[in-house]
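> here is the input, now give the coordinates:
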Amino acid sequence: MKFKGFVAAAALGAMLVSAVSVLHVTPAYAAAPSQKITRDVALKLQAAQKAIQKGDYATGLADLDKVSGMADAHKSPYAMHIMNQLYVFAYEKTHKYDKLAPKLEALLKDPYVTAAQTQQFTTALAQIYYQLHDFPKAIEYGTEAIQKGFGGTKMQTLVGQAYYLQGNWKQTIKFERGLVDSAVKAGRKPSRQSLQLIQSSCMKLHDQSCLLNSLEQLVVYYPQRQYWQYLLFQTFKSIKSDANLLEAYRLAFAVGVMQQPHEFTDYAELAIEAGSPGEAEQVLTSALKNNVFSDPHQKAKAERILKDAKKRAAKDQTTLADTAALAAKQVKGDSDIRVGLAYYGYKQYDKAIQMFNQGISKGGLTRPAEAHLLLGISQLKAGNKPAAVKAFNSVKGNPTLQRLAALWVLKAKSMG
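This next block holds a predicted model:
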């Protein structure tokens, strides 16, 4: 991040105008006792000022250096005030920021600087020290500006990045999490930069828990493929059954991270095997439309699976209502769940929800965690986020599905 034009020329020009009026002195001292300057000092300051006004900064700075060496100048706080103002103006114009910063610090300590100038100088110092890579000083002045209420988002950005570039990643996380938490509490969307700084700091610290937490926040507020890919990669590594793999594919497809041809065909085959040919048809139709299969053999395989899925779906839908009626008569709920899954594949989410609820209420399920997860997904697809989140939170007993349910909650939150 670059911060340019550290001190606004217009504002410093106004200071210079103020200095002009003061330096037109003829008596030994200026009229106000608090602004007294000896005639010799005043004339030399006036000479420096005239040179600077003409753009002859080398001469002006040389004259100021002479004033700086005068004992009488140091006896007059007002003379030092004027001198430092002129130094700041000249150094800003000549881009000598390493020399400008100490003069601004001196101005902050004198009694003639206004409240508005204090704000301006404090934020300018934070920016200057950041540019000079003096990150402790940048943090010092940036934090002061924030605490006094005039830093704004620019100072927040500067301080967070200064902590990061300093290599203080724990403090980066602490600072940025404070900003994120404040934004969320106020009902605002936290900045992407804050979340990314947290993510990067977690990686620097090799803190896996911290990293996952940061990615979870990123997919809620900025749901991009690369964030979902990492979260799902971690989940896929723990999968040991086809049933869990199918559920993982469902989420991967929903958040748009599936890319490899075999992922689409594997997903479709697992869906058909589970009794959801309509879902397999959706997946492969989308993949073929988006030209996922560049290899002729892979494309041919996908087309064969799609043909089989369509055939099964056509036959299935002619008897599905009768199958649902038979399932309703069963004491245990597994049959209801299977019918619900079929309805889900045909995007008949209301019927799917009815069957899932029916099966869950009966109990005796072989895979209860999967039933609750499917209920949540169907409710989310139907547009009922509160009910979906409730169902996702009820997924218990299967660590992989619990994790997937938690990720589905993030998906729900990211939908606004």
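> quick check, pLDDT for the residue nearest the centre of the chain.
Closest residue to the average C-alpha location of the chain: Arg192 at 2.0 Å, with Cα atoms, centre = their mean. At Arg192, the predicted lDDT confidence score is 94.
> how much space separates it from Lys299?
38 Å (Cβ to Cβ, to the nearest Å). Using the backbone N, CA and C atoms, a C-beta is placed for each residue, glycine as well.
> cool, and Glu273?
Counting by Cβ to Cβ, the gap from Glu273 to Lys299 is 21 Å.
> more neighbours, these two?
It is Lys299, of Glu273 and Lys299, that has more neighbours when counted by other Cβ atoms under 10 Å, with 16 against 13.
> okay, now the residue lying closest to Thr143 once chain neighbours are set aside: neighbour count?
Nearest-residue entry for Thr143: Val159, 5.9 Å, with adjacent residues in sequence omitted and distances by Cβ to Cβ, 6 or more residues apart in numbering. If you count neighbours by other Cβ under 10 Å, Val159 ends up with 27.
> go on, the one 5 residues further on?
Other residues near Tyr164 come to 21 when the count uses other Cβ under 10 Å.
> wait, it touches Leu197, no?
Yes. Tyr164 is in contact with Leu197 according to Cβ atoms under 8 Å; the separation is 5.7 Å.
> list the residues that contact both of these two?
Thr172 (Cβ atoms under 8 Å, 6 or more residues apart in numbering).
> so who does the residue nearest to Thr143 touch?
By Cβ under 8 Å, 6+ apart, the neighbours of Val159 are Ala126, Ala138, Ile139, Gly142, Thr143, Ile146, Gly151, Phe175.
> looking at those residues, spot the one nearest Tyr222.
Phe175 (19.5 Å; Cβ to Cβ).
> list the contacts for that closest one?
For Phe175, the contacting residues are Val159, Gly160, Tyr163, by Cβ under 8 Å, 6+ apart.
> and if you look at Gln354?
If a contact means Cβ under 8 Å, 6+ apart, then Gln354 has Gly340 as its contacts.
> what helix or strand is it on?
Per DSSP states H and E: Gln354 is located in helix 349-362.
> what about that helix, average pLDDT?
Average pLDDT, helix 349-362: 97.
> quick one: the contacts of Phe175 as CSV, columns for secondary structure and pLDDT too.
Listed next are these as CSV, based on DSSP: H, G, I helix; E, B strand; the rest coil; pLDDT from 0 to 100:
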residue, secondary structure, pLDDT
Val159, helix, 97
Gly160, helix, 97
Tyr163, helix, 98
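> any chance of a markdown table for those residues, columns distance to Ala324?
Formatted as a markdown table, these follow (distance: Cβ to Cβ, whole Å):
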| residue | distance to Ala324 |
| --- | --- |
| Val159 | 60 |
| Gly160 | 56 |
| Tyr163 | 59 |
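> for this protein, which helix is longest?
helix 296-328 (DSSP state H).
> going by distance to Leu401, which of the contacts of Val159 wins?
For those, the residue nearest Leu401 by Cβ to Cβ is Phe175; the value is 36.1 Å.
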